[in-house]
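# Predicted model, plus sequence, below.
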Amino acid sequence: MIVAAVLSAWVQYAADGKPHARALVPQTCPSVTYEGGSVAMSRRAGPAGNFDEVVCDAPLPADATNISVDGTRLPSPPRAPRTVVVFGDTGCRMKDQEQQNCGDIADWPYPKIAQTIAAAHPDLLVHVGDYYYRENNCLATWTYCKNRWGDTSMSWNADWFTPSKPLFASAPLVLIRGNHEDCQRGGPGWFRYLDGADTVTPCRPNGTDGSLPWGVAFDGLRIVVADSAADPSDSSPDAARIAFYAATFRRAQALAAGATGDTWFVTHRPPYANTNQTRARLQLHWNFAPFDAVLAGHVHDFEAINLTGFPPLVVNGESGDDLDDAGTTAKYIGLQTNAGKPVYTFGTPARYGSKQYGFAVYTKTAAGWAISLRDADGIERRTCVLTKGSVACL
């Protein structure tokens with residue numbers, strides 16, 4: 001029997017702001033080659049516990065082309081991305097009585113969505129978090145997902161690596177950690193496979209963990225990635241978490257300083273709808289300047305929201321897991337109060353929300369970014385325009 005040398009391979013931006021090639025292999029890490037050079041991949045993690053493959057990593061030149069890992073071709077890093085696909089909350093829910101049929105594209109469409117995204121030929125992919133959802137075994141009559149549960153290699157392959165292979169061949173990724181990758185759920189898998197740090201962070205299941213922001217700079221676009229995964233609650237104040245977010249926001253401001261072009265603050269939990277992020281922001285008297293937009297997931301719909309005095313919020317959480325009612329984020333923003341008064345005021349253009357599986361294609365224009373909302377088949381169902389200071393859905 002022939003064993004594949006490379007089980008999965010992809011290009012992602014890491015915490016150093018550089019593109020890295022990563023690969024899953026059975027045993028020995030290969031080299032990654034590119035036009036004019038090659039480098040041996042380092043062993044990021046070996047088989048351990050419920051994880052049975054080797055994870056390999058190697059930094060790439062920012063202008064690398066013709067990238068290959070042991071015969072698997074990988075996409076080149078973009079200098080100035082013009083087409084960015086934003087998507088998130090992709091895994092198949094298997095928890096207690098909440099069960100998606102992971103073998104039914106109609107019930108869990110992410111494998112189809114991944115193929116459709118690849119067909120859009122993006123320059124860059126931004127995943128706003130939540131990859132792992134298979135927390136319990138599925139129904140006994142559903143053989144497709146049986147025993148593919150828990151934070152294991154089998155679950156991560158089923159939820160992310162196998163269906164995402166078309167994406168891996170299409171464009172490099174910016175990956176954000178979601179709450180399903182906290183240390184009570186899929187944290188060990190996240191830090192092993194996808195976290196941007198040079199080394200694997202040990203998970204502390206009873207701790208309030210988190211990584212400080214990092215950024216990646218392209219010509220005309222700077223993305224700052226913030227970790228909001230391990231929050232104990234979206235609505236209850238927590239002193240440790242408020243302090244963590246205050247440090248996060250100070251670091252994010254520093255990373256955005258001096259940026260030319262557009263600046264995006266990207267995290268999993270929508271900051272304006274989260275009590276601890278809001279408390280930290282109020283403590284710092286910060287309105288997310290100089291960011292032009294805030295991108296998030298966590299809520300399983302699409303929402304475009306303007307708030308007076310703040311950058312617009314765009315939520316892209318509609319790419320696989322059970323959908324939420326349209327407008328859920330806006331509802332929770334309205335519940336944020338300080339001294340009994342609302343913290344935020346909705347601005348114009350009016351907020352927009354939709355409940356439909358799909359993804360968003362952000363295309364650079366002279367005025368900003370045109371957002372094309374696409375369904376699982378890639379058919380455009382709505383258009384929006386993101387400019388400095390506002391988002392409008394037509």
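Nice, I can see it.

# mind checking which helix or strand Ala326 is in?
Here Ala326, judged by DSSP states H and E, is contained in no helix and no strand.

# Could you check how far it is from Ser68?
Separation of Ala326 from Ser68 (CB to CB, to the nearest Å) stands at 43 Å. In this view, the C-beta of every residue, glycine as well, is placed from N, C-alpha and C.

# Give the partner strands of the least confident helix or strand in the chain by mean pLDDT in its sheet and their orientations.
Lowest by mean pLDDT, DSSP states H and E among the helices and strands of the chain is strand 98-99, with a mean of 88. Paired neighbours of strand 98-99 in the sheet (DSSP bridges): strand 94-95 (antiparallel).

# what residues does the strand it pairs with touch?
By CB atoms under 8 Å, 6 or more residues apart in numbering, the surrounding residues in contact with strand 94-95 are 100, 102, 133-138, 145, 149.

# now swap in stretch 317-328 and tell me
87-93, 98, 100, 108-110, 113, 128, 130, 133, 296-303, 351, 353-359.

# gap between it and the chain center?
Taking the mean of its C-alpha atoms, stretch 317-328 sits 15 Å from the chain's own mean (CA atoms, centre = their mean, to the nearest Å).

# Using the neighbour-count criterion, name the buried positions in that stretch.
For stretch 317-328, the neighbour count (16 or more other CB atoms under 10 Å) marks 317-321, 323-324, 326-328 as buried.

# And the pLDDT at the nearest residue to Arg22 once chain neighbours are set aside?
Using CB to CB, 6 or more residues apart in numbering and skipping residues adjacent in sequence, the residue nearest Arg22 is Asp57, 5.2 Å away. In this model, Asp57 is scored at 98, pLDDT.

# that's a strand at Asp57, yeah?
Yes. Counting by DSSP: H, G, I helix; E, B strand; the rest coil, one finds Asp57 located in a strand.

# Tell me where the stretch 51-200 of the chain has strands.
54-59, 67-69, 72-74, 83-87, 94-95, 98-99, 124-127, 173-175 (DSSP state E, counting those that start in this stretch).

# Emit the PyMOL select command for whichever of the contacts of stretch 317-328 are buried.
Applying 16+ other CB under 10 Å to these, the buried members can be selected in PyMOL as follows:
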select buried, resi 87+88+89+90+91+92+93+100+108+109+110+113+128+130+133+296+297+298+299+300+301+302+303+351+353+354+357+358+359
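
# burial of the residue nearest to Arg22, as a residue count?
A count of nearby residues for Asp57, using other CB atoms under 10 Å, gives 19.
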